[in-house]
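Participant: Take this sequence and fold it.
(chains A and B)
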Protein chains: 2
Amino acid sequence: MRIQIIGFGNIGKGLAKVLIKKEKLLKKQHDLKIKVVSITDVSGTARDDKGINLSKALEIIKNGRGILSYPKATKMNGIEAIKTIQADLVVEATNTKIEDGEPGMSHMLQAIKQGKHVVTSNKGPLALKFQELNNSAKKNSVQFKFEASVGGAMPIINFAHETLSGDKINAIEGILNGTTNYILTRMSKEEKSFEMVLREAQEMGIAESDPSYDIDGIDTACKLVILANGILGIKKTYKDVKTQGIRKITPEAVKLAKEDGYVIKLIGEVKNNNLEVSPRLVPKNHPLNVEGVLNVALLKTDLAGDITIVGKGAGSIETNSAILSDIISIWRTGI
Amino acid sequence: MRIQIIGFGNIGKGLAKVLIKKEKLLKKQHDLKIKVVSITDVSGTARDDKGINLSKALEIIKNGRGILSYPKATKMNGIEAIKTIQADLVVEATNTKIEDGEPGMSHMLQAIKQGKHVVTSNKGPLALKFQELNNSAKKNSVQFKFEASVGGAMPIINFAHETLSGDKINAIEGILNGTTNYILTRMSKEEKSFEMVLREAQEMGIAESDPSYDIDGIDTACKLVILANGILGIKKTYKDVKTQGIRKITPEAVKLAKEDGYVIKLIGEVKNNNLEVSPRLVPKNHPLNVEGVLNVALLKTDLAGDITIVGKGAGSIETNSAILSDIISIWRTGI
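Facilitator: Got it, this is the predicted structure:
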């Protein structure tokens, strides 16, 4: 299987590491030999039809240079790489941009048009134009998989499709953002103010210097749209989500909740065609009450009742557990 | 797809209900038409090569009679039914007997020998002779699936195989028995004695009149053996499990644990080739702390880190969510 990697940041590098680590296992367990025929980052594209030396690529990047420093790499961009290089599958791992979903959107559409399967961790294009991507993939008879775009190592999408194949899933609610969960957990445990915990989270690298994407609920809203479309078949986009973040939560509110046996969590919920992100009271002993940076999703099903999955929401290697399982799934059902 | 149901108690009846409810959906979503060609219970076997009328079968059973009252039913037993009736798949849903695994063991081996796929909810045969069943299925090129045997609606086995296909799972721990979880939860919340809560659970039908199977950890041990063999490939049987139940847990122990921020739970754990069932202290905010009759399993993986699944451990319809997903999975990969 020939793979192109577009985007060589945390996720792309993690994929390279995982492919090195799992090479023998993939051959043995799945009879799958993966060849990365190109890697593209902002500097350009490394290409080798016989398979890029992933250790070498990682070594180059580690020294602060772009992939352009790889032997014989060129300034070719992602679109050109997808257009001109022969491959079976494109892993789109550029960063999410919620304004227009670019450049991920164009990368994915181009790959699909060329008859290449797409696996992505990039929320933006899916939150904005899920149906366009999905329809395009169907029309071109390629697979379009996006487990890594929601909840990193919490594999809820394939779980719903494969493992719960006999159930109808009626609603989903969950904590889909680790940063806000971390902040709310510490506010509850230490009775500190939102601002103080946020600052500490930023110092620890858990929150970004511009934290609005997380704390205003934007990230959660994107993921909710993906779950709504990808699992429930509800054709809504990012603009349809009623979103409220956690900026206004006071230590007093957290304390009052605690005294009554509750915690405050930023919950994303899709139910009856409605998508909502808002801080909610969760009973202390409810399965949705998970702590720290963990993510959790609760699926309401017709046969099995409520099923909850808890997992790490982020992390370079963790997220690649999802990317790898998508790749294996495409391989199993025939490339 | 022609199915034989062996055992028509809670699980078998639940399957009939679910097949009626899901008939159209299975056709539409999976292009799967299921025909139940025989149903066997202790009274005999109902048979119809054109497909048994499941509503009628349920109606007959509801009136307290055996399946022998179904039109043209005979006194044929399970083994004979499997031997003589043409079918693609056998659902073995007789009760677990941990002494010798019979009659389930003979049913499954006979079905496999006849080239029929097997789906089962019956723990006994798997806890005693997993490898024999598995090897026999391989030799005869049939599929052998047992999601329903562990944790009813908590679909951990297919989750591990399908959804986490890129991960190596190193260890599993969990609460695999709803009755003990219910008793321990109430002991913790109400500071009552074990005997008192057990008696109440028996009155409510949550614990059986002879509760030893649950409270002495036998049920948990059986399930742990199935997870060890089925997910981790560890070839151990029921007799290899170090098992301790919850009879000796005092209200004082529960109270002390609580004061220190812990709860006591009956945990089954498989790690480093060791299988152990014992009451353990679980931190209050740990994902394994789920309440009431819920089941939970935590999988330790190499890429994704810890992933936890929480679901209902029992229930006639819930368990058939697992049986149905096994049937669909066999259908998808070719019968």
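
Participant: ok, now how distant is residue A:147 from residue B:271?
Facilitator: Using CB to CB, to the nearest Å, residue A:147 is found at 27 Å from residue B:271. Backbone N, C-alpha and C define where each C-beta goes, glycine included.

Participant: between these two, which one's more packed in?
Facilitator: Taking neighbours as other CB atoms under 10 Å in any protein chain shown, residue A:147 and residue B:271 compare with residue A:147 leading, 29 against 15.

Participant: Now for residue A:22: which residues touch it?
Facilitator: Listed by CB atoms under 8 Å, 6 or more residues apart in numbering or on different chains, the contact partners of residue A:22 are A:324, B:166.

Participant: element containing it, please.
Facilitator: Element membership of residue A:22, judged by DSSP states H and E, is helix A:10-30.

Participant: Let me know the angle separating the helix or strand just after that helix from helix A:10-30.
Facilitator: For helix A:10-30, the following helix or strand on the C-terminal side (DSSP H and E) is strand A:35-41. Interaxial angle of strand A:35-41 relative to helix A:10-30 (axes from the mean of the first three to the mean of the last three CA atoms, to 10 degrees): 170 degrees.

Participant: what does whatever helix or strand comes next after strand A:35-41 contact?
Facilitator: Sequence order places strand A:44-47 as the next helix or strand after strand A:35-41, per DSSP H and E. With CB under 8 Å, 6+ apart as the test, strand A:44-47 has contacts from A:37-40, A:52, A:57, A:66-68, A:70-78, A:80-81, A:85.

Participant: Just the buried ones among the residues you listed, please.
Facilitator: Among those, those classed as buried by 16 or more other CB atoms under 10 Å in any protein chain shown are A:37-40, A:52, A:57, A:66-68, A:70, A:73, A:76-78, A:81, A:85.

Participant: Keep only those of those residues that are in helices.
Facilitator: Per DSSP state H, helices hold the following members of those: A:57, A:78, A:81.

Participant: could you redo these as CSV and give each row distance to residue A:288 and pLDDT?
Facilitator: What follows is these, written out as CSV (distance: CB to CB, whole Å; pLDDT from 0 to 100):
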residue, distance to residue A:288, pLDDT
A:57, 40, 96
A:78, 38, 97
A:81, 42, 98
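
Participant: Residue numbers of the stretch 101-250 of chain A in contact with chain B?
Facilitator: By CB under 8 Å from any CB of the partner chain, the residues of the stretch 101-250 of chain A that approach chain B are A:152-155, A:158-159, A:162-168.

Participant: Quick one: buried ones out of those residues?
Facilitator: Counted by 16+ other CB under 10 Å, these give A:152-155, A:158-159, A:162-167 as buried.

Participant: Closest one of the residues you listed to residue A:254?
Facilitator: The closest of those to residue A:254 turns out to be residue A:154 (CB to CB; 24.8 Å).

Participant: Would you mind pointing out the helix or strand that closest one falls in?
Facilitator: If you go by DSSP H and E, residue A:154 is not part of any helix or strand.

Participant: Please list all residues in contact with it.
Facilitator: Residues in contact with residue A:154 (CB under 8 Å, 6+ apart) are A:295-297, A:309-313, B:307.

Participant: Identify the spatial nearest neighbour of it, chain neighbours not counted.
Facilitator: residue A:311 (3.3 Å; CB to CB, 6 or more residues apart in numbering or on different chains).

Participant: Just the residues contacting the host helix or strand of the one you found, thanks.
Facilitator: Residue A:311 belongs to strand A:306-312 when elements are defined using DSSP H and E. The contact list for strand A:306-312 (CB under 8 Å, 6+ apart) reads A:151-156, A:159, A:164, A:178, A:287-288, A:290, A:293-301, A:318, B:153-155, B:287, B:304-312.

Participant: what about the helices in the stretch 151-300 of chain A?
Facilitator: Along the stretch 151-300 of chain A, counting by DSSP state H, counting those that start in this stretch, helices occupy A:156-158, A:178-190, A:194-203, A:212-215, A:218-230, A:251-259.

Participant: what helices or strands is the shortest one leaning on?
Facilitator: When you say that, I think you mean helix A:156-158. helix A:218-230, helix A:316-332 (3 or more CB pairs under 8 Å, 6 or more residues apart in numbering or on different chains; DSSP states H and E).

Participant: now the last one: mean pLDDT?
Facilitator: When you say that, I think you mean helix A:316-332. For helix A:316-332, the mean pLDDT works out to 93.

Participant: Report the buried residues of it.
Facilitator: A:316-331.

Participant: With stretch A:119-132 instead?
Facilitator: Applying 16+ other CB under 10 Å to stretch A:119-132 flags A:119-130 as buried.

Participant: residue contacts, the residue most central in space within chain A?
Facilitator: Residue closest to the mean C-alpha point of chain A, counted by CA atoms, centre = their mean, is residue A:149 at 2.0 Å. Residues counted as contacts of residue A:149 (CB under 8 Å, 6+ apart) are A:120-123, A:126, A:223, A:226.
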